[in-house]
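S.K.: Next input, structure requested:
(one chain, ligands or ions: 1)
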Amino acid sequence: MKKSIFLFLTGVLLIMCLSGCGKTKYNLLYDGYGFESKKTKYTAGETVTVYYDLIATDTDYSFFLDCDDVSLKQDYDNSHGYIFTFTMPDHDVTIGVKSRNSMEYDPGAMSGYGNEPESTDDGTDAPAGEGMWVCPECGYNANTGGFCSNCGRKKDA
Ligand SMILES: [Zn+2]
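M.R.: Residues are numbered from 1 along each chain as shown. As a prediction, the model looks like this:
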């Protein structure tokens with residue numbers, strides 16, 4: 001009885017070694033939620049397909065791999081969501097996602113909108129009203145007579 005268990009375990013180890021040690025497999029890791037792939041380990045050169053269907057409205061997604069030597073092909077399918085394919089390199093690869101709510105306040109896109117400098121209208125530099133003249137001396141802009149009502153300067157001819 002003991003012997004058969006030993007043989008069984010040896011057989012399991014052999015099978016594991018044959019299937020696992022023959023070709024080195026590398027891990028497909030996820031940085032973020034929502035990724036799905038048929039396998040978590042791939043041999044180098046194998047085509048890896050990853051699905052991502054955790055898609056919310058009004059959200060911008062950017063996907064990335066943690067390495068520069070692999071080119072990520074991005075596709076979109078209505079039934080699967082995002083589909084990524086790449087060739088497994090000879091090292092572990094992490095695929096990640098950065099999501100951003102596109103409805104959120106974006107200081108970059110919104111700059112200059114809604115926060116225009118408040119008009120500092122204190123009488124100077126503002127255009128004169130109809131029939132009024134701006135005093136070149138003091139800047140008073142509501143003069144109607146022949147002399148500046150602020151500083152008394154004579155109106156230019
Ligand atoms: Zn004046």
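S.K.: can we go C-alpha only for contacts and neighbour counts from here?
M.R.: OK.
S.K.: buried residues in the biggest strand by length in the chain?
M.R.: Longest strand in the chain, counting residues (DSSP state E): strand 93-101. The neighbour-count check on strand 93-101 (16 or more other CA atoms under 10 Å) flags Val93, Ile95, Gly96, Val97 as buried.
S.K.: tell me the contacts of the nearest residue to the last one once chain neighbours are set aside?
M.R.: If the residues on either side of it in the chain are set aside, Val97 comes closest to Phe63, at 4.4 Å by CA to CA, 6 or more residues apart in numbering. Phe63 sits next to Ile95, Gly96, Val97, Lys98 when contact means CA atoms under 8 Å, 6 or more residues apart in numbering.
S.K.: still on that earlier bit, redo the buried residues of strand 93-101 as TSV? Include pLDDT.
M.R.: What follows is these, written out as TSV (pLDDT from 0 to 100):
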residue	pLDDT
Val93	96
Ile95	96
Gly96	95
Val97	92
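S.K.: which regions of the chain lie under the pLDDT threshold?
M.R.: For the chain, applying pLDDT under 70 flags the ranges 1-2, 15-22, 104-129.
S.K.: Run through the helices of the protein in chain order.
M.R.: In the chain, the helices defined using DSSP state H lie at 2-20, 107-110.
S.K.: circling back: between the buried residues of strand 93-101, which is closest to the ion?
M.R.: Val97 (64.9 Å; CA to the ion).
S.K.: List the contacts of that closest one.
M.R.: Under the criterion of CA under 8 Å, 6+ apart, the neighbours of Val97 are Asp31, Gly32, Tyr61, Ser62, Phe63, Phe64.
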